[in-house]
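Colleague: please work out how this folds:
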Amino acid sequence: MRAAIALASLLALAACKEDSANLELPDPRELTEDAAGHYCQMFILEHEGPKAQVFLAGMDNPLWFSQVRDGLAYLLSPEQDGEVRVLYVNDMALANSWSDPGTNNWINANDAFYVLGSDAIGGMGAPEVVPFAREADAMAFAKTRGGRVAALTDIPVAEVLAPVEFTSADQEPDT
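Modeller: Model prediction:
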């Protein structure tokens, strides 16, 4: 039942894409050294890999996430009760490297193509859901790093909410 509710949340976010044509969405914010992760309260720029920012209705500033996986987990969390306006994620095709994913290369999460199940480890040490604006870029990443490509609505709930075992070897090389 919980999985069905979580999937419905993702589908609702995707549906917001169509509804938002009539509503002006907030622009993504540039990632600065002051941005702190919603869950960890650590500075975002201290972590490698792609990031996410979520805008809630009635809030001028986004909630920041150290990993895209964490931003998606926030959307699926039963504790999340704010009205999500938009989720932005880094386009990793425009990243300088894994350790420098960019501060202003944001794309709407609804429009992204995600690589699931690759060898990529995000900034908080969990397997990462790696976003790209173009499907061809996602496919190229999956070809070299493993995994498969999916749209937002096709990401299995377990991909972002399943427990993760951490080891000291969970380090991500630069791309």
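
Colleague: strands of this protein, start to end?
Modeller: Taking DSSP state E, the strands of the chain run over residues 52-56, 63-65, 84-90, 106-108, 113-116, 130-132, 148-151.

Colleague: distance check, the residue nearest to Gln67 when sequence neighbours are not counted against Ala136.
Modeller: In this structure, Gln67 finds its nearest non-sequential neighbour in Gly122, 3.5 Å apart by C-beta to C-beta, 6 or more residues apart in numbering. In this view, the C-beta of every residue, glycine as well, is placed from N, C-alpha and C. Distance, Gly122 to Ala136, using C-beta to C-beta, to the nearest Å: 23 Å.

Colleague: likewise Asn105?
Modeller: According to C-beta to C-beta, Asn105 and Ala136 sit 17 Å apart.

Colleague: more crowded one of those two?
Modeller: Between Asn105 and Ala136, Asn105 has the larger neighbour count (other C-beta atoms under 10 Å), namely 20 against 12.

Colleague: separation between the residue nearest the centre of the chain and Gly58?
Modeller: A centroid search over the chain (C-alpha atoms, centre = their mean) returns Val68, at 2.3 Å, as the residue closest to the centre. When distance is defined by C-beta to C-beta, Val68 is 24 Å away from Gly58.

Colleague: cool, Asn105 as well?
Modeller: Asn105 sits 27 Å away from Gly58, taking C-beta to C-beta as the criterion.

Colleague: where in this protein is pLDDT low?
Modeller: In the prediction, the chain carries residues with pLDDT under 70 at positions 1-22, 35-45, 166-175.

Colleague: now do the helices in it.
Modeller: In the chain, the helices defined using DSSP state H lie at 2-19, 68-76, 135-145, 157-161.

Colleague: who touches Cys55 in this structure?
Modeller: Wrong residue type there; residue 55 is Phe, not Cys. When contacts are counted by C-beta atoms under 8 Å, 6 or more residues apart in numbering, Phe55 touches Leu25, Pro26, Pro62, Leu63, Val84, Arg85, Val86, Leu87, Tyr88.

Colleague: what is the neighbour count of Val164?
Modeller: What Val164 shows, counting by other C-beta under 10 Å, is a neighbour count of 12.

Colleague: go on, Ala140?
Modeller: Other residues lying near Ala140 total 15 when counted by other C-beta under 10 Å.

Colleague: ok, now the one 3 residues further on?
Modeller: Using other C-beta under 10 Å, Lys143 has 11 other residues around it.

Colleague: quick check: the gap between it and Val164.
Modeller: For Lys143, the distance to Val164 equals 24 Å [C-beta to C-beta].
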